[in-house]
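> Got a predicted structure plus its sequence, pasted below:
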Amino acid sequence: MKRLLLIALAAAACSRPAPDAPADYRPDDESFSATLPGGWKVDDSPAETRKASFFGPPAGPAAFSEMIRVSLHPGTTPEAYRASRQGLPSPLKETEAGGAKAWEFLSDAEFRDPHAGVKKLSSRFVAIPTPKGLYVLEHSWPAGASAGREAFEELLRTFKPKP
């Protein structure tokens, strides 16, 4: 997890900018669609489970300090995914994403930033079971900071996996 986060944060520097206004987003494999936050950077380079990562917000004192990631995990369940997370994740709570039944949990983790020492990260995970596997939508931000929840809420509201 720590290594993946560092890779994801490094990828933010190499990612391409998103449209200035919110726009419908589909990765190259068209595995899902959702409204992309306006101005956020996108990294949709191929990865084992990651379909796309978005980095933002595009302005303000915490510019590009948040990450939203969409990944697909074949052959797992919300319970198994939650158990695989580091730290002490919160209990699963039933919710909804894109009109589908989903489960969410929160988790805090630490990772070593080579430039700034140990950092704490807060994350909200929403797991959506589908016939193709478990889609996990993750929103991460520096622990103790107030996260801009609007972008993630819009992604959750508009998320549609390809049938």
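Done, it's in.
> Residue 70 and residue 116: what is the separation?
27 Å (C-beta to C-beta, to the nearest Å). In short, each C-beta sits where N, CA and C put it, glycine included.
> Between those two, which has more neighbouring residues?
The neighbour comparison of residue 70 against residue 116 (other C-beta atoms under 10 Å) goes to residue 70, with 24 against 7.
> Now do the contacts for the closest residue to the more buried one other than its chain neighbours.
In this structure, residue 70 finds its nearest non-sequential neighbour in residue 51, 4.7 Å apart by C-beta to C-beta, 6 or more residues apart in numbering. The contact partners of residue 51, taken as C-beta atoms under 8 Å, 6 or more residues apart in numbering, are 27, 29, 31, 32, 44, 70, 71, 72.
> Which helix or strand contains residue 51?
Element membership of residue 51, judged by DSSP states H and E, is strand 50-56.
> could you give the angle of the following helix or strand past that strand to strand 50-56?
Next helix or strand after strand 50-56 toward the C-terminus (DSSP H and E): strand 66-73. Relative orientation of strand 66-73 versus strand 50-56 (axes from the mean of the first three to the mean of the last three C-alpha atoms, to 10 degrees): 170 degrees.
> Now do the buried residues in the helix or strand where residue 157 lies.
Assigned by DSSP H and E, residue 157 falls within helix 149-158. For helix 149-158, burial by neighbour count (16 or more other C-beta atoms under 10 Å) applies to 151, 152, 154, 155, 156, 158.
> Pick out whichever of those residues sits closest to residue 140.
Among the buried residues of helix 149-158, residue 152 lies closest to residue 140 (C-beta to C-beta), at 9.8 Å.
> show me the residues around that closest one that make contact.
Counting by C-beta under 8 Å, 6+ apart, residue 152 touches 68, 124, 137, 139.
> out of the residues you listed, who's nearest residue 130?
Lowest distance from residue 130 to the contacts of residue 152 (C-beta to C-beta) belongs to residue 137, with 12.2 Å.
> before we move on, back to that, now, among the buried residues of helix 149-158, which is nearest to residue 85?
Closest approach between those and residue 85, by C-beta to C-beta: residue 152, at 17.4 Å.
> Would you mind getting the angle between the host helix or strand of residue 109 and helix 149-158?
Here residue 109 is covered by strand 100-113, with elements defined by DSSP H and E. Relative orientation of strand 100-113 and helix 149-158, computed by the same axes, to 10 degrees: 140 degrees.
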